[in-house]
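Asker: Here's a sequence, model it:
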Amino acid sequence: MTDTFTLDTEKLGLYLAQHVDGFEGPLSAEKFSGGQSNPTYLLTTPTKKYVLRRKPPGKLLKGAHAVDREFKVLSALHPTALPVARALHLCNDDSVLGSMFYVMEFMQGRVLWDPTLPEFSKQERSAIYTEMNRVLAELHKVDVDASGLTDYGKKADYFARQTHTWSKQYKAAETIEIPAMEALIKWLPENMPAEDGLYSITHGDYRLDNMMFHADRPEVIAVLDWELSTIGHPFADLAYQCMQYYIPSGKGLPGLADADLKELGIPSEQEYIDMYCKRMGYQAISNWNFYLAFSLFRLASICQGVVKRAEQGNASSDKAGEYGDLVSPLANIALGLTKA
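Answerer: Take a look at the predicted model:
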């Protein structure tokens, strides 16, 4: 960990003792190695553990790293049936740590990183994917207005707005010209599906390793990392998770493209979609390849942003620069889907 990301635990401990009920120091902090965006820390006291997420220090892309939005959505969703950690305190006083942060409860469980779930049985893999599907539908069933999130985003034109935003973010973070990304920036607006009136709270980064599972059961106890959440289109989350069916395993992002799904007990893409549609009451999904291409383009843009932060010296992970190797492959997969 570089000095940029080291916390002043003495100062932080004094602050939290004043703002978090029951907090008692002394305090130690350890940065989690996972994650490429908002630095996340395990805070340990003699009697309790907490988790802290903060904005990275330094110059940032406009609108990125909105930890205050994370705090807001966690606070709104905690009373619902959706499993999330309880948010405890938001600090927007930069003088405490140098950037905005919030503290939430620590959840004891398992984070699973490899979508092939090699350490589990065939039956357990099936149960884990079924649970992820159930929780995704649970999220999309949350009543936006009743949960107090009416102003959390706009209820229409999600894909048009997101395509514009991520095209702009990509260009702001661009380091080399990638022809597939340029082609997608042109293709997506020209092939935008017609508005269908669907909207929900969307997570924005819904994938296996952004969930905390129970220590012994295939049960999600907390959905993590809400930085990209907003009011959006539910198919964006579904397509984002289904990207893994098109991404090969190996170095970089873990995928399922070359996995024997039947042998593993993992549902096929169509089975996963059908499972979700049944839960949500949808008959079918039109324009599926658009949603996939959009999701892959968006992920490529996110990866490019990580590379830019690495160049500027304020990336959360020491391996951030390696994300540059993923941008072109992701864009090429997306471009292939536009021609399928």
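
Asker: what about the strands in the stretch 51-200 of the chain?
Answerer: If you assign secondary structure with DSSP state E, counting those that start in this stretch, the strands in the stretch 51-200 of the chain sit at 87-91, 101-105, 200-202.

Asker: What helices and strands are in contact with the last one?
Answerer: For strand 200-202, the packing partners by 3 or more Cβ pairs under 8 Å, 6 or more residues apart in numbering; DSSP states H and E come out as helix 122-140, strand 230-232, helix 234-242. Heads up, the C-betas are built off the backbone N, CA and C, glycines and all.

Asker: just these: most buried one?
Answerer: Between the helices and strands packed on strand 200-202, the one whose residues have the most neighbours on average, counting mean count of other Cβ atoms under 10 Å, is helix 234-242 (a mean of 24).

Asker: can I get the CA coordinates of it in PDB?
Answerer: Coordinates of the C-alpha atoms in helix 234-242 are reproduced here as PDB (Å, rounded to 0.1, in the frame of the first residue of the first chain):
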ATOM      1  CA  PRO A 234     -33.100  -4.000 -15.300                       C
ATOM      2  CA  PHE A 235     -31.800  -5.700 -18.400                       C
ATOM      3  CA  ALA A 236     -28.500  -3.800 -18.000                       C
ATOM      4  CA  ASP A 237     -27.800  -5.700 -14.800                       C
ATOM      5  CA  LEU A 238     -28.800  -9.000 -16.300                       C
ATOM      6  CA  ALA A 239     -26.700  -8.500 -19.400                       C
ATOM      7  CA  TYR A 240     -23.800  -7.300 -17.300                       C
ATOM      8  CA  GLN A 241     -23.800 -10.600 -15.400                       C
ATOM      9  CA  CYS A 242     -24.300 -12.600 -18.600                       C
END
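
Asker: ok, and for the helix or strand that it is followed by, which residues are buried?
Answerer: As assigned by DSSP states H and E, the chain's next helix or strand after helix 234-242 is helix 261-264. Residues of helix 261-264 classed as buried under the neighbour-count rule (16 or more other Cβ atoms under 10 Å) are Leu261, Leu264.

Asker: Please list the residues outside helix 261-264 that contact it.
Answerer: Counting contacts by Cβ atoms under 8 Å, 6 or more residues apart in numbering, the residues outside helix 261-264 that touch it are Thr116, Leu117, Lys122, Arg125, Pro267, Ser268.

Asker: Show me the shaky parts of the chain.
Answerer: Within the chain, the stretches falling below the threshold (pLDDT under 70) are 1-4, 34-36, 57-65, 251, 313-321.

Asker: Try it again at 80.
Answerer: For the chain, applying pLDDT under 80 flags the ranges 1-5, 33-37, 57-65, 250-253, 309-323.

Asker: can you give me the helices in it?
Answerer: Using DSSP state H, the helices found in the chain span residues 9-19, 67-77, 94-97, 122-140, 158-173, 179-190, 234-242, 261-264, 269-280, 288-312, 324-338.

Asker: Of all those helices, which one is nearest Val220?
Answerer: helix 122-140 (4.8 Å; Cβ to Cβ).

Asker: And the contacts of that closest one?
Answerer: With Cβ under 8 Å, 6+ apart as the test, helix 122-140 has contacts from 81-83, 112, 117, 120, 200-203, 206, 208, 211, 213, 218-220, 223, 234, 237-238, 241, 263-267, 272, 275-276, 279-280.

Asker: who wins for proximity to Pro56 among the helices and strands packed on strand 200-202?
Answerer: Pro56 lies closest, by Cβ to Cβ, to one member of the helices and strands packed on strand 200-202: strand 230-232, at 20.2 Å.

Asker: same for the closest one, what does it pack against?
Answerer: For strand 230-232, the helices and strands in contact under the criterion 3+ Cβ pairs under 8 Å, 6+ apart are helix 158-173, strand 200-202.

Asker: Work out the gap between the last one and the centre of the chain.
Answerer: Averaging C-alpha coordinates over strand 200-202 and over its chain gives two centres that are 13 Å apart (Cα atoms, centre = their mean, to the nearest Å).

Asker: Relative to it, what are the paired strands and their orientations?
Answerer: Using DSSP bridges, strand 200-202 pairs in its sheet with strand 230-232 (antiparallel).

Asker: burial measure for the residue nearest to Gln162 when sequence neighbours are not counted, as a count.
Answerer: The shortest distance from Gln162 to any residue other than its chain neighbours is 6.8 Å, reached at Arg298 (Cβ to Cβ, 6 or more residues apart in numbering). As a burial measure, Arg298 scores 29 neighbours (other Cβ atoms under 10 Å).

Asker: I'd assumed Ser167 was in contact with Arg298.
Answerer: No: because the distance of 9.8 Å does not satisfy Cβ atoms under 8 Å, Arg298 is recorded as not touching Ser167.
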